[in-house]
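>>> Kindly return the folded structure for what I paste below:
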Amino acid sequence: MCARILVAEDDTMQAELIRRLLLQEGHTAVVVHDGRAAIDEAKSHRPDLVVLDLMLPRIDGLGVCRVLRQNGDIPVLMLTARSTEDDVLLGLELGADDYMTKPYSPRELMARIRTVLRRTHRPAEKPPVLRAGNITVDPVRHLVTCDGTPISCTPGEFAILHAMTAEPGRVFSRRQLLQHTRGHDRASTERAIDVHIMNLRKKTETDPRRPVRLLTVFGVGYKLVGGPHDA
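Here you go, the predicted model:
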């Protein structure tokens, strides 16, 4: 698929490399070099994906991600030279769907971009609306409701709920959920699933500290309860 991709990268050489790689794959690439410009461009011309450097001038990548999440569900792939787990998890908590640490392989970057675009691309054939208890997931409209109220989800969070509402009561390991959200089986990033689950509990549970829908199965993973096939 041909997508419109916004690249926010202050390193001009890196930005030009990413732009050329995207053009080679048939995408349209728009490049900006600071956070304020990234926000303005995303608001003026909604992209299909934002490749977002964490260390941007004027407004950093975390600030940009926060604003993007307040105004929609644009997929975000975060690039960071900060390799500490706290920095990565903070970006995920703010709504980034995936991340890569610098230096990165151009081939892997393109593979990650293709994965995100495939996951967020809407198929021509209408899939069914899924329900598990009071949670519904509509893949066509990319809409999640809880107790009849729409809730905003990042693409990663949506992918988790989509998988779990398709099989309510099933216990998913972190690695299995990671495959749904990113298409990559990388044990080093499985903690990202914990962050997505924490965010989903804030949005769907009356008391996120005592969840009754998204349950932890200690030593295994997570399950969504409330559907007709629950154990």
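>>> Please count neighbours and contacts with C-alpha atoms only from this point.
OK.
>>> can you pull out the helices in the chain?
If you assign secondary structure with DSSP state H, the helices in the chain sit at 12-24, 35-44, 61-70, 85-93, 106-120, 155-166, 174-182, 191-204.
>>> Just put those helices in a markdown table and tack on mean pLDDT and distance to Pro127.
Written out in a markdown table, the entries for the helices of the chain read as follows (pLDDT from 0 to 100; distance: least, Cα to Cα, whole Å):
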| stretch | mean pLDDT | distance to Pro127 |
| --- | --- | --- |
| helix 12-24 | 94 | 30 |
| helix 35-44 | 95 | 29 |
| helix 61-70 | 89 | 26 |
| helix 85-93 | 72 | 28 |
| helix 106-120 | 88 | 14 |
| helix 155-166 | 91 | 11 |
| helix 174-182 | 83 | 17 |
| helix 191-204 | 92 | 23 |
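>>> Now do the end-to-end distance for stretch 19-30.
End-to-end distance for stretch 19-30: 8 Å, by Cα to Cα, to the nearest Å.
>>> Now tell me what touches it from outside.
Taking contacts as Cα atoms under 8 Å, 6 or more residues apart in numbering, the residues outside stretch 19-30 that touch it are Met1, Cys2, Ala3, Arg4, Ile5, Leu6, Val7, Val31, Pro106, Met110.
>>> ok, the residue most central in space within the chain - contacts?
The residue lying closest to the centre of the chain (Cα atoms, centre = their mean) is Asp97, at 2.5 Å. Taking Cα under 8 Å, 6+ apart as the contact definition, Asp97 lies against Pro75, Val76, Leu77, Met78, Thr154, Pro155, Gly156.
>>> same thing but at 10 Å, please
If a contact means Cα atoms under 10 Å, 6 or more residues apart in numbering, then Asp97 has 74-78, 91, 116, 154-157, 181-182, 192, 196 as its contacts.
>>> So what does it look like in phi/psi?
The main-chain torsion angles of Asp97 are listed as degrees, to the nearest 10 and equal phi -90, psi -30.
>>> Could you check how far it is from Pro75?
The value you get for Asp97 to Pro75, if Cα to Cα is used, is 6 Å.
>>> Just the ones in strands from the contacts of stretch 19-30, please.
The members of these that map onto strands under DSSP state E are Arg4, Ile5, Leu6, Val7, Val31.
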